[in-house]
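Undergrad: Coordinates only, no sequence provided:
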């Protein structure tokens, strides 16, 4: 899937799902499956996923987004979900996250800290030792909640 196709699907479906209290977290492909990852503040049920599938399938078919896929899957992103948007980080204030940042010289940097605040396209992390660091969301390659097992 190209970035343009992914963005087109997100731009088309996100406002419609938002009006029903459901956030479109991400769009993924795996083999011949187009997967929509959704979030609902009070938790998702199987019925929620089925309803979203029934609502979006005809829209995706009309716009030919399902032409290259044998299956449409709607699911929760799960506990180890990637954090991509301001909403993702706001929802996880107080949690420890690991972030991979893109640097200008095509290298990456790993940071870890507790999400303190999200503002103006940046995530503020409190790090061990009392230092805060600001990370631009646009520079984030990967971010996940740090799970202690």
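TA: Ah, there it is. What you see is a predicted model, and the numbers here were worked out from it, not measured in a lab.

Undergrad: Which pLDDT value goes with the residue lying farthest from the centre of the chain?
TA: Largest separation from the mean C-alpha position in the chain: residue 129, at 29.4 Å (Cα atoms, centre = their mean). Per-residue confidence (pLDDT) for residue 129: 84.

Undergrad: do the same with the one 4 residues further on
TA: You'll see residue 133 listed with a pLDDT of 94.

Undergrad: now stretch 134-143: how far from the chain's centre is it?
TA: 13 Å (Cα atoms, centre = their mean, to the nearest Å).

Undergrad: Same question for that stretch: list its buried residues.
TA: Residues of stretch 134-143 classed as buried under the neighbour-count rule (16 or more other Cβ atoms under 10 Å) are 135, 137, 139-140, 143. The C-beta positions use only the backbone N, C-alpha and C, and glycine is treated the same way.

Undergrad: Would you mark the buried spots in the strand ranked longest in the chain?
TA: Counting by DSSP state E, the longest strand found in the chain is strand 108-119. Within strand 108-119, the residues that count as buried by 16+ other Cβ under 10 Å are 111, 113-115, 118.

Undergrad: So which residues make contact with stretch 74-90?
TA: 23, 25-26, 35-39, 44, 49-50, 52-53, 56, 92, 97, 99, 115, 118, 121, 123, 137, 140, 142-145, 147 (Cβ atoms under 8 Å, 6 or more residues apart in numbering).
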